[in-house]
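> Could you work out the structure for the sequence below:
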Amino acid sequence: MMHRVMVMARLATPVWVVFGMAFAVPVALPVTAAAQDIVFSPQDTADCVASGQPFEGCIGAAAETCMERNGSATVVMSACYDKEAQWWDSRLNAIYSDVMAQARDMDTENGEHAPSQADALRRMQRAWIDYRDETCSYEASQWGGGTGAGPAFNACLMRMTAEQSHYLETATLN
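Below you'll find the predicted structure:
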């Protein structure tokens with residue numbers, strides 16, 4: 001006869017544990033919270049950027065705080081890096097819009113006497129997106145399909161998106 005005992009806990013998944021050949025008992029093992037349950041705030045990264053500290057030291061600040069609050073399981077790491085990458089992406093999009101407006105103004109001022117800066121900026125950004133995605137895919141591939149691939153990919157996206165936002169923010173249009 002098989003005896004079944006079900007232990008349920010919040011954020012737990014039943015897993016069958018076999019005790020010898022006589023019977024199996026499902027027990028609850030803790031699992032990581034779903035990505036939507038992750039507590040994240042971009043404040044640490046935003047404060048760091050606003051403080052004037054060296055830019056490179058700001059990348060990942062909010063993700064690190066997120067992992068301290070939510071744990072270090074790979075699904076948590078991946079979600080925290082992804083959430084900070086989204087923050088950087090929003091920042092990048094705003095900066096890109098500003099730089100594009102400046103480039104269009106320069107194109108108007110220069111007329112047909114110079115190559116279009118707006119066209120060059122658009123081509124550069126599209127090429128950069130492909131480069132970023134392939135670079136991050138390569139970094140993830142180094143994990144051989146293991147659980148570290150997700151965090152590696154998202155950490156790469158976060159880092160490269162932050163670096164591109166900084167590049168565009170400090171670019172000088174002439």
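> quick one: the strands in this protein?
Remark: strands assigned in the chain by DSSP state E are 12-19, 23-30.
> wouldn't residue 136 be in contact with residue 158 here?
No: assessed by CB atoms under 8 Å, residue 136 is found out of contact with residue 158, at 9.5 Å. Every residue, glycine included, has its C-beta placed from N, CA and C.
> Neighbour count for the two, which is higher?
The neighbour comparison of residue 136 against residue 158 (other CB atoms under 10 Å) goes to residue 158, with 26 against 21.
> Tell me who's in contact with the more buried one.
Neighbour list for residue 158: 59-60, 63, 81-82, 84-85, 88 [criterion: CB atoms under 8 Å, 6 or more residues apart in numbering].
> Nearest spatial neighbour of it, chain-adjacent residues omitted?
With CB to CB, 6 or more residues apart in numbering as the criterion, residue 158 has its nearest non-adjacent residue at 3.9 Å, and that residue is residue 85.
> And that neighbour, how far from residue 138?
Distance, residue 85 to residue 138, by CB to CB, to the nearest Å: 17 Å.
> neighbour count winner among these two?
A direct count of neighbours by other CB under 10 Å for residue 85 and residue 138 places residue 85 higher, at 24 against 12.
> I'd assumed residue 157 was in contact with that one.
Yes: contact criterion CB under 8 Å: residue 85 and residue 157 qualify, at 4.5 Å.
> show me where pLDDT drops low in this structure?
The chain contains residues with pLDDT under 70 at 1-36, 172-174.
> Show me what the longest helix seen in it is packed against.
Longest helix in the chain, counting residues (DSSP state H): helix 74-110. With contacts defined as 3 or more CB pairs under 8 Å, 6 or more residues apart in numbering; DSSP states H and E, helix 74-110 has these neighbours: helix 43-51, helix 61-70, helix 117-141, helix 149-170.
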